[in-house]
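> Build me a model from this:
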Amino acid sequence: MILSFLVSLVLFIPAFIANPAAVVTGGHVILDGNRIWRGKRILGDHKTLSGLLGGTAAGVIIGLILNYIFLFAHLSYLTFSSSFPTAFSIVLSLSFFSMFGDLVGSFIKRRLGRKPGQESIFLDQYPFALSALFFTYVLFPGISSKLFPWEGIIAILVVTPLIHRAVNIIGYRLKMKDVPY
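Predicted coordinates:
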């Protein structure tokens, strides 16, 4: 059971990497174009095309590097697949839908009147993880249940707020974020 926890956490690294990488690569071309919907911004200034693409790309690159390191080390249980197209597709799904979930969280936060950067306990941590898991399960049903069994999903959901907080504190100390949450 502990091995399932750890394996799922390692395999979820592309989704975990995408969000902080978006902070590093973001800042260019605001996704909502400053548009308003029902009196409120759709996403806000912090959601940019460069962040979406950069975060997704970082997750894909790190995921593929890890996949092939573990493959060459004969640790197949830590790989997505030995097939490049399959590994790439799964890593892309985890990375992109992590970013998509973050956008959904921002959309909901704007509807609730939360300001960009304002802490929102559930909406800051879980939409990216739940979106990445959900869409990866939908797109790769046979593989996903092996990569992320129920105990692995529990581990991801328990560890996500801790990783999120730690990464945000680091980003704040490096002056990449305005707030430590």
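> all strands for the protein, in order.
Along the chain, the segments classed as strands by DSSP state E run 36-37, 40-41.
> closest one to residue 7 among the ones you listed?
Residue 7 lies closest to strand 40-41 among those, at 39.6 Å (Cβ to Cβ). (Each C-beta comes from the backbone N, C-alpha and C, glycine too.)
> who does the closest one pair up with?
If you go by DSSP bridges, strand 40-41 pairs up with strand 36-37 (antiparallel).
> which other residues reach the strand it pairs with?
residue 42 (Cβ atoms under 8 Å, 6 or more residues apart in numbering).
> what distance separates that strand from the centre of its chain?
26 Å (Cα atoms, centre = their mean, to the nearest Å).
> re earlier: out of the strands of the chain, indicate the one that is most buried.
Comparing the strands of the chain by mean neighbour count (mean count of other Cβ atoms under 10 Å), strand 40-41 ranks first with a mean of 16.
> Show the average pLDDT along that one.
Average pLDDT, strand 40-41: 92.
> Nearest to residue 55, out of the strands of the chain?
Ranking these by proximity to residue 55 (Cβ to Cβ) places strand 40-41 first, at 20.1 Å.
> which other residues reach the closest one?
Contacts of strand 40-41 (Cβ under 8 Å, 6+ apart): 32, 34, 35, 110, 111, 113.
> Repeat the analysis, applying 6 Å as the threshold.
Outside of strand 40-41, the residues that reach it under the criterion Cβ atoms under 6 Å, 6 or more residues apart in numbering are residue 110.
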